[in-house]
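In: Provided below for reference: sequence and predicted model.
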Amino acid sequence: MKILLLGKRGQVGWELQRSLAPLGEIVALSRDSQNYCGDLANLQDLAETVRQIKPNIIVNAAAYTTVDKAESEPELARIINVEAPSVLAREAALLDAWLIHYSTDYVFDGSGGTPWLETDATGPLGLYGATKLAGEQTIQSSGCKHLIFRTSWVYGARGNNFAKTMLRLAAERDSLTVIDDQVGAPTGADLLADVTAHAIRSVQNTPELGGLYHLVAAGETTWHGYARFVIDFARKNGLELKTLPESIIPVPSSAFPTPAQRPKNSRLDTRKLQTNFDLTLPHWQTGVTRMLTELLEK
């Protein structure tokens, strides 16, 4: 089996190179790859790359993810998040290949306090969410075999993430202010990659399992709760920080105005995923603890 992986240098793409390795030969590309085109903004060469490689599975872990910048770069965001997935879906259909794609909680408007189902009405608040939703729709309407995973609050031990930022600031400051009116589940790139590999094996045997799924770690917290967990864990494990957990001040989203509005309710219901693929998703604290342990041991 041959797998084409796009976005190999991202947090999820990096973990996918590990999780997909037992499934077959991987051709992993980044935006600046030389032999083939891994640049989702180059639609013609992207299509030609798929035709040359002839993969059985295309895993698209690349996207335009700069939420605020998308408001001032709508055309580039649309090309990468809508037109490129459309090209991949078309080529996948011609090859009878599977297309694996990642989407986001930003397709919802963040209202209410109930976890979102895959069937709930969407309503993105900004350009980023709108383009990701349109990307989902173009894949679904293409007729190609596909898996689309909506996720949220993604982090990885490799690269920058919220926890690393909190630890850096806590080493410098006596107190921090962190948003407490946005709720979601921090979800590890390693968890996304492992579930992806499991799902790929499952749909190869049972193609009717293809479709749209919500994939996040279990449980929920706010950014404020996330920050307190990170700093409390780090202090208990010997890291010297100026900020005490009780010195992390909760503030509303309005305290940090941004060009793009963030959804306040990022809860995603994962019962469909867990039932169809016979999975139990770990609590968000499990993955964050593992990531922090790795960081603190360096």
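Out: Happy to help now that I have it.
In: from memory N60 sits against S103, does it?
Out: No. Using Cβ atoms under 8 Å, N60 makes no contact with S103, being 10.4 Å away. Any C-beta I mention is one placed from the backbone N, CA and C, and that applies to glycine too.
In: ok, R9 to I249 distance?
Out: From R9 across to I249, the span is 35 Å (Cβ to Cβ, to the nearest Å).
In: where along the stretch 51-200 of the chain do the strands fall?
Out: 57-60, 98-104, 145-151, 154-155, 176-179, 183-184, 187-188 (DSSP state E, counting those that start in this stretch).
In: quick one: those as a markdown table, columns for mean pLDDT and distance to R90 too.
Out: Converted to a markdown table, these look like this (pLDDT from 0 to 100; distance: least, Cβ to Cβ, whole Å):
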| stretch | mean pLDDT | distance to R90 |
| --- | --- | --- |
| strand 57-60 | 98 | 11 |
| strand 98-104 | 98 | 10 |
| strand 145-151 | 98 | 12 |
| strand 154-155 | 96 | 27 |
| strand 176-179 | 97 | 40 |
| strand 183-184 | 98 | 33 |
| strand 187-188 | 98 | 29 |
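In: for this protein, just list every one of the helices.
Out: Remark: helices assigned in the chain by DSSP state H are 11-19, 43-53, 74-78, 84-95, 127-140, 162-172, 189-205, 223-236, 271-276, 284-296.
In: got these as TSV, with mean neighbour count, mean pLDDT and distance to P263 columns?
Out: Formatted as TSV, the helices of the chain follow (neighbours: other Cβ atoms under 10 Å; pLDDT from 0 to 100; distance: least, Cβ to Cβ, whole Å):
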stretch	mean neighbour count	mean pLDDT	distance to P263
helix 11-19	22	97	20
helix 43-53	16	97	29
helix 74-78	16	97	17
helix 84-95	22	98	21
helix 127-140	23	98	8
helix 162-172	17	95	16
helix 189-205	19	97	19
helix 223-236	21	96	13
helix 271-276	15	98	20
helix 284-296	17	94	17
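In: which of those sits closest to P115?
Out: helix 271-276 (8.8 Å; Cβ to Cβ).
In: with that, I have no additional questions.
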